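S.K.: Okay, structure incoming, though there's no sequence with it:
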């Protein structure tokens, strides 16, 4: 239960501070919380997507994309695949790969 709470708080803090610098204390707390939850349950796709979102917010989009290349997303419900594509779009945008980001965002919306 604690991991679920940590994951939800990390998600909320990351979204509230998306434009903050990587050394922002609130993003640091989101990083700590998402890392803790993900370490306990790396196979839970919503924990994995939240961890990737936090990594993008912390200016680590390459690490985020690596987390999202997880085989179980392919067989997941549409909502989990949509979350993955939305975070991929965010990461790709941060890497100035705008065409790929747009395609990922479109796929997220379709799912």
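M.R.: It's in. All values derive from a computational prediction rather than experimental measurement. Numbers count the residues shown, from 1 in each chain.
S.K.: Helix or strand for the most centrally placed residue in the chain, just tell me which one.
M.R.: For the chain, the residue whose C-alpha lies nearest the mean C-alpha position (C-alpha atoms, centre = their mean) is residue 53; its distance is 2.3 Å. Using DSSP states H and E, the element containing residue 53 is helix 45-57.
S.K.: Moving C-terminal from that helix, which element do we reach first?
M.R.: Beyond helix 45-57 on the C-terminal side, the first helix or strand identified by DSSP H and E is helix 61-68.
S.K.: Residue 100 and residue 94 touch, don't they?
M.R.: No - Residue 100 sits out of contact with residue 94 when judged by C-beta atoms under 8 Å, with a separation of 11.6 Å. For the C-beta atoms, the positions are set from N, CA and C on the backbone; glycine is no exception.
S.K.: between the two, who's got more neighbours?
M.R.: When residue 100 is set against residue 94 and neighbours are counted by other C-beta atoms under 10 Å, the residue ahead is residue 94, at 17 against 14.
S.K.: Next one: residue 83 from residue 44, what distance?
M.R.: Taking C-beta to C-beta, to the nearest Å as the criterion, residue 83 is separated from residue 44 by 12 Å.
S.K.: between those two, which one's more packed in?
M.R.: More neighbours sit around residue 83 than around the other of residue 83 and residue 44, counting by other C-beta under 10 Å; the figures are 22 against 17.
S.K.: check contacts around the more buried one.
M.R.: Contact analysis of residue 83 by C-beta atoms under 8 Å, 6 or more residues apart in numbering lists 45, 46, 49, 108.
S.K.: Direction-wise, compare the helix or strand hosting it with helix 61-68 and give the angle.
M.R.: Taking DSSP H and E as the definition, one finds residue 83 inside helix 78-94. Interaxial angle of helix 78-94 relative to helix 61-68 (axes from the mean of the first three to the mean of the last three C-alpha atoms, to 10 degrees): 160 degrees.
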